[in-house]
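Novice: I need the structure of the sequence given here:
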Amino acid sequence: MQFRQQALAKLQSPEELDLPVRFARPQGWLALSVTVVVMAAASVWAVTGTVASTVSAPAVLTHGEGSYILQSPVAGQVTEVVAQEGERLPANAPVLKVRTAQGGTTAVVRTVAAGRVTALAATIGAIISTGANVAAVEKVAHADDPLYATVYVPAESAATIPANAAVDLTVQSVPTQQYGVLRGHVKAVGRSVQTPQQISSFLGDSQLGEQFTKKGRPVAVLVRLDRSAATKSGLKWSSADGPPFALASMTLATGSIRLADQRPVDWLLP
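Specialist: Numbers count the residues shown, from 1 in each chain. Next up, the predicted model:
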């Protein structure tokens, strides 16, 4: 009964049209303004902005022409190892001597092209067969020949690598937290996938050929390392100084290559 009397009194009272109406609190206006600004900025970025993506792959530091595996043209016993690991030799230089089984004559195994001996597989007294691998020689004729990096990128990502793309290399022998990453730019992208045999032949290491093809045949990307006179290594790093030593060839690394930028709005279009 009480509620009915209150309702009748409400109907008999005049309309309160002169009272102000509050549509939203100041806090609500602020939240709405922020939301509008964020949505506008997101819309502009979706149309004009770009998203950078990268591809990471195993890499190795080498000289531009790679290496070759020296094989013995004769069978017999090694009587002398003339060359030493790390030694730079001209073309046709003696590497080791082999006493053949026919008549006891001595044959000399020589380099095919000028380069630096990176590995010796033969020792004095060893019995080797014709075609046996006896040494790995990196094709470098001069001490100041520049180092490059070869990154073995998955084949499906190679086509999206732009010319002169930026590359960051995490070198295994260099502490990243202390010295940062090595800087470089893409010089050339291979046109075909690499087999384990091709990689082994280029690097002079059969194990790397198997290692770099575990997840499929990759494409070789040649990276030019950025130079810097301010570092002891002569190369440019993400840190100011870089490591206090020079890098050697056949040093393993991981390369992160920046791919072509993509527009976010393209992702939304069918």
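
Novice: only C-alpha atoms for contact and neighbour calcs from this point on.
Specialist: OK.

Novice: which residues does V189 contact?
Specialist: By Cα atoms under 8 Å, 6 or more residues apart in numbering, the contact list for V189 reads A158, I161, V219, A220, V221, L222.

Novice: pull up the gap between N164 and L222, please.
Specialist: 10 Å (Cα to Cα, to the nearest Å).

Novice: compare these two (neighbour count), which wins?
Specialist: Shown here are N164 and L222; by other Cα atoms under 10 Å, L222 has more neighbours (21 against 15).

Novice: please name the bridge partners of that one.
Specialist: T150, A188 (DSSP bridges).

Novice: low pLDDT regions in this structure?
Specialist: Residues of the chain that meet the criterion pLDDT under 70 lie in 1-32, 34, 36-38, 40-52, 103, 260-270.

Novice: show me how far stretch 60-70 is from its chain's centre.
Specialist: Relative to its parent chain, stretch 60-70 has a centroid offset of 17 Å by Cα atoms, centre = their mean, to the nearest Å.

Novice: now do it: everything it contacts.
Specialist: The contact list for stretch 60-70 (Cα under 8 Å, 6+ apart) reads 111-112, 133-140, 145-151, 201-205, 248-254.

Novice: okay, now G104: neighbour count?
Specialist: Applying other Cα under 10 Å, we find 11 residues neighbouring G104.

Novice: that one and Q77, how far apart?
Specialist: For G104, the distance to Q77 (Cα to Cα) stands at 10 Å.

Novice: and for Y68?
Specialist: In terms of Cα to Cα, Y68 sits 23 Å off from Q77.

Novice: show me where the stretch 101-250 of the chain has helices.
Specialist: For the stretch 101-250 of the chain, the helices defined by DSSP state H, counting those that start in this stretch occupy 155-158, 176-179, 196-203, 206-211.
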